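Asker: Sharing a sequence plus its predicted fold:
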Amino acid sequence: MEGILRARAKSLVGILNGIDPEEWNPAKDPFLARPFDADHLDARKECKAALQEVLRLPVAAEIPLLGMVARIDLQKGVDLVAQIIPELMNRQNVQIVILGQGDETLLRSFRLTPHNTRDRSAFIRILMSRSRITSTEGVTFS
């Protein structure tokens, strides 16, 4: 099948399913606290701390910060992410940031996920707009 698709590539059109590497390039991203690239990864720590601060999460280098950018839809496997949060919490503290819009039932499942078990916590933030991450004003998160 791959050969057929390659041979007909010029006549095929469609919607790409993936990110725009120019828009989501951390070396050029104006929304990051400090740009970085594969040769300068140390700036990621500063970016993580800045995001934690803006989203009112505990600023802690040792807590994993998991991020997901997706349309909130069953097709994207978002329900699977919601299901594993309790298991993640059994292992350690975790912070989860989701950038996306979509199915309100799935969004509700994140909001209803227990955020505390024993001495562990999950901090879940659901963002509707990337451009507003630099300020919590107008940002919707749970």
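Answerer: That came in fine, so what should we check first? Numbering: from 1, shown residues only.
Asker: quick one: average pLDDT of stretch 104-123?
Answerer: Throughout stretch 104-123, pLDDT has a mean value of 67.
Asker: wait, stretch 73-86
Answerer: Across stretch 73-86, pLDDT averages out at 84.
Asker: Could the C-alpha coordinates of it be exported in CSV?
Answerer: Taking only C-alpha atoms (Å, rounded to 0.1, in the frame of the first residue of the first chain), the coordinates of stretch 73-86 have been written out as CSV:
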residue,chain,number,x,y,z
ASP,A,73,-12.1,12.7,22.2
LEU,A,74,-12.3,8.9,22.6
GLN,A,75,-10.6,8.5,19.3
LYS,A,76,-7.5,10.1,20.8
GLY,A,77,-7.3,7.8,23.8
VAL,A,78,-8.0,10.5,26.3
ASP,A,79,-10.2,8.1,28.3
LEU,A,80,-7.1,5.9,28.8
VAL,A,81,-5.1,8.7,30.3
ALA,A,82,-7.9,9.5,32.8
GLN,A,83,-8.0,5.8,33.8
ILE,A,84,-4.3,5.6,34.6
ILE,A,85,-4.2,8.6,36.9
PRO,A,86,-5.0,6.6,40.1
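Asker: For that stretch, list every residue counted as buried.
Answerer: K76, V78, V81, A82, I85 (16 or more other CB atoms under 10 Å). For glycine as for every other residue, the C-beta is placed from the backbone atoms N, C-alpha and C.
Asker: tell me the strands in the protein, going along the chain?
Answerer: Secondary structure of the chain (DSSP state E): strands located at 65-69, 94-99, 116-117, 120-127.
Asker: what inclination does the lengthiest helix in the chain have with respect to strand 65-69?
Answerer: If you go by DSSP state H, the chain has its longest helix at helix 78-91. Relative orientation of helix 78-91 versus strand 65-69 (axes from the mean of the first three to the mean of the last three CA atoms, to 10 degrees): 180 degrees.
Asker: Any idea how far helix 78-91 is from the middle of the chain?
Answerer: 15 Å (CA atoms, centre = their mean, to the nearest Å).
Asker: and that helix, what other elements does it pack with?
Answerer: Under the contact criterion of 3 or more CB pairs under 8 Å, 6 or more residues apart in numbering; DSSP states H and E, helix 78-91 touches strand 94-99, helix 104-112, strand 116-117, strand 120-127.
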